[in-house]
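K.L.:
My questions concern the predicted model and sequence given below.
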Protein chains: 2
Amino acid sequence: MDAVEPVRRGRGRRPAGEVRREVLRAAGELLLEQGVAGFTIEKVATRAGASRVTLYKWWPSKGALALDGFSTMVAAPLAFPDTGEIGTDLTGQLLDFVRLVRDTPAGRVMAELICHAQSDPDLAVALRERYTWPRTSMAVEVLDRAKERGQIRSDVDSEDVVAQLWGACYFQLLVFDRPLTDQFARSIIVNLLGGIRA
Amino acid sequence: MDAVEPVRRGRGRRPAGEVRREVLRAAGELLLEQGVAGFTIEKVATRAGASRVTLYKWWPSKGALALDGFSTMVAAPLAFPDTGEIGTDLTGQLLDFVRLVRDTPAGRVMAELICHAQSDPDLAVALRERYTWPRTSMAVEVLDRAKERGQIRSDVDSEDVVAQLWGACYFQLLVFDRPLTDQFARSIIVNLLGGIRA
DNA sequence: CCTATTATGAACAGAGTGTCCATATATAGT
DNA sequence: ACTATATATGGACACTCTGTTCATAATAGG
């Protein structure tokens, strides 16, 4: 079960950086393997060969540790092309997101982190600052540029649009039980860009 | 704190219906007061003046009990007019939802239940069958009728539209930290119905 | 080399879970 | 009315996880 070599040297100080690295690796692994449900301070400490006290010292909450571990495992590429055509840009970005969520364990963990943030204020702040905001702001920038180019009505709120695209995907994932397909991503972009009136 | 009269009669059998009613009332109250975070089998049992064993016997999981309690407290009205104008119908329905979520504790509890369902299969099934499906199917029906009337393109998937409206609201609530306003609801309907192209 | 910093093991109280048991009693069947 | 069954109950148990305190050991930096 625990295929990790804990590097136990007995009591006493270990290099802080080393311990930190071990803990983050253990946290990330545990998160991807068992999800937030099986993620406990105790298990992370055991797997990292560290003391729970050490974890309590460095991380204010379980959620903060989880997000740190997640970040070290999933280095978000966040590439974002600006081709000048808003439809192309949005499609590329949304498809990247859909595929990340659908084809890797990261998607499920993300969903669980969002959920856990509902009852963990520390995690909620960290998640917004380190994940939600950076990601959405890029989409918002692209949309704002499209508005300047006259491709989108000027009275449209870019953040509303982000909610109607990414929010729809999260809805599929969290509430509906429908699969998250490439076709779905393309369709909702068409719906929003072209309108659904005949 | 505990303003309930537990109706304790000592050991022995009490009428099953009575116990069940007490437990559901206690569960619903606790849920609205403290949310899912403070919702434990132990607290529900104490508040209902019942034994934990009894709860374990009747409800398969904490989530199932929570949803049952929630349902007894929040009898969803689910009124759904069909005026013949798809924009009017959607606006009315979405505004009802937005106001429920924004102005009552039910909204937060709903969000927490959805989140909890991510790691509780029993709750996930119950939530879909008893909440998500009935609600969304009504919106889908209205959209399908609008398609028959030619108000909406026939190649549009009604469930996609639901995801882009209700999903956007859930996104505001769970991921973004933006307030859920009436204006937001109206805007996203306009975006989707009329399209965002200039 | 000396000292401050830091990790560690052990232990603790507290809460919650999930499961036993024997006992008491309401309800249903005869 | 009597009996059998179903069911609620209190008490207890082992277990996990949380969050903390304490003395001890070992590294890192001057």
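P.N.:
Ah, there it is. Numbers count the residues shown, from 1 in each chain, chains lettered A, B, ... in the order given.

K.L.:
what's the pLDDT at A:V161?
P.N.:
As summarised for this prediction, A:V161 has a pLDDT of 95.

K.L.:
Tell me where chain A has helices.
P.N.:
If you assign secondary structure with DSSP state H, the helices in chain A sit at A:16-34, A:41-48, A:52-58, A:62-73, A:86-103, A:105-117, A:121-127, A:133-148, A:158-174, A:182-194.

K.L.:
Stretch A:51-64 spans what distance, first to last residue?
P.N.:
End-to-end distance for stretch A:51-64, by CA to CA, to the nearest Å: 17 Å.

K.L.:
I'd like to know the average pLDDT value across that stretch.
P.N.:
Along stretch A:51-64, the predicted confidence averages to a pLDDT of 92.

K.L.:
Okay, buried residues for it please.
P.N.:
Neighbour-count burial for stretch A:51-64, with 16 or more other CB atoms under 10 Å in any protein chain shown as criterion, is recorded at A:T54, A:L55, A:W58, A:W59, A:S61, A:K62, A:G63, A:A64. C-betas here are computed from N, CA, C, even on glycine.

K.L.:
In chain A, where is pLDDT below threshold?
P.N.:
A:1-12, A:75-80, A:195-198 (pLDDT under 70).

K.L.:
and if we set it to 50?
P.N.:
For chain A, applying pLDDT under 50 flags the ranges A:1-8, A:198.

K.L.:
related to what we said a few turns ago, closest to B:A185 out of the helices of chain A?
P.N.:
helix A:158-174 (10.2 Å; CB to CB).

K.L.:
what residue lies at the spatial centre of chain A?
P.N.:
Taking CA atoms, centre = their mean as the criterion, A:M110 is the residue nearest the geometric centre of chain A, at 4.4 Å.

K.L.:
Find the residue closest to that one in space, skipping its chain neighbours.
P.N.:
In space, A:M110 comes closest to A:V101 once its chain neighbours are excluded; the distance is 7.0 Å by CB to CB, 6 or more residues apart in numbering or on different chains.

K.L.:
Next one: that neighbour from A:R108, what distance?
P.N.:
8 Å (CB to CB, to the nearest Å).

K.L.:
Turn the helices of chain A into JSON lines, including distance to DNA strand C.
P.N.:
Formatted as JSON lines, the entries for those read as follows, by distance: least, CB to the nearest atom of the strand, whole Å:
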{"stretch": "helix A:16-34", "distance to DNA strand C": "4"}
{"stretch": "helix A:41-48", "distance to DNA strand C": "8"}
{"stretch": "helix A:52-58", "distance to DNA strand C": "4"}
{"stretch": "helix A:62-73", "distance to DNA strand C": "13"}
{"stretch": "helix A:86-103", "distance to DNA strand C": "28"}
{"stretch": "helix A:105-117", "distance to DNA strand C": "17"}
{"stretch": "helix A:121-127", "distance to DNA strand C": "19"}
{"stretch": "helix A:133-148", "distance to DNA strand C": "28"}
{"stretch": "helix A:158-174", "distance to DNA strand C": "22"}
{"stretch": "helix A:182-194", "distance to DNA strand C": "35"}
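
K.L.:
Most tightly packed of the ones you listed?
P.N.:
With neighbours defined as mean count of other CB atoms under 10 Å in any protein chain shown, these peak in mean count at helix A:158-174, which reaches a mean of 24.

K.L.:
Among the buried residues of stretch A:51-64, which pair sits farthest apart?
P.N.:
Taking CB to CB, the two most distant members of these are A:T54 and A:G63; they sit 17.7 Å apart.

K.L.:
now check stretch A:116-127, is it near DNA strand D?
P.N.:
No. Stretch A:116-127 is not in contact with DNA strand D by CB under 7 Å from any atom of the strand; minimum separation 9.6 Å.

K.L.:
Measure how far that stretch is from the centre of its chain, please.
P.N.:
13 Å (CA atoms, centre = their mean, to the nearest Å).

K.L.:
How about that stretch and chain B, any contact?
P.N.:
Yes. Interface with chain B: stretch A:116-127 contributes A:H116, A:Q118, A:S119 (CB under 8 Å from any CB of the partner chain).

K.L.:
what does stretch A:66-74 give?
P.N.:
No. Using CB under 8 Å from any CB, no contact is recorded between stretch A:66-74 and chain B, whose separation bottoms out at 13.3 Å.

K.L.:
Give me the contact list for that stretch.
P.N.:
A:23-32, A:36, A:39, A:44, A:59, A:104, A:106, A:109-110, A:113, A:116, A:123, A:126-127, A:130-131 (CB atoms under 8 Å, 6 or more residues apart in numbering or on different chains).

K.L.:
and what of stretch A:92-99?
P.N.:
Counting contacts by CB under 8 Å, 6+ apart, the residues touching stretch A:92-99 from outside are A:77, A:79-81, A:138-139, A:142, A:165-166, A:169, A:180-182, A:184-186, A:188-189.

K.L.:
Same check on stretch A:13-26?
P.N.:
Stretch A:13-26 has contacts (CB under 8 Å, 6+ apart) with A:4, A:7, A:44-45, A:47-50, A:54-55, A:58, A:65, A:68-69, A:72.

K.L.:
Can you tell me which of those residues comes closest to A:I86?
P.N.:
Looking at the contacts of stretch A:13-26 and their distance to A:I86, the nearest is A:T72, at 33.8 Å (CB to CB).

K.L.:
Could you tell me which residues make contact with the spatially closest residue to A:D120 that is not a sequence neighbour?
P.N.:
What sits nearest to A:D120 in space, not counting adjacent residues and going by CB to CB, 6+ apart, is A:G63, at 3.9 Å. By CB under 8 Å, 6+ apart, A:G63 lies in contact with A:L113, A:H116, A:A117, A:D120, A:D122, A:L123, A:A124, A:A126.

K.L.:
re earlier: I figured the residue nearest to A:M110 hits A:C169, correct?
P.N.:
Yes. The pair A:V101 / A:C169 is scored as a contact, 6.9 Å apart, by CB atoms under 8 Å.

K.L.:
who touches both of the two?
P.N.:
Shared between the contact lists of A:V101 and A:C169 (criterion: CB under 8 Å, 6+ apart) are residues A:L180.

K.L.:
List the contacts of A:E42.
P.N.:
Contacts here follow CB under 8 Å, 6+ apart; on that basis A:E42 touches A:R52.

K.L.:
Against A:L30, how distant is it?
P.N.:
A:E42 sits 11 Å away from A:L30, taking CB to CB as the criterion.
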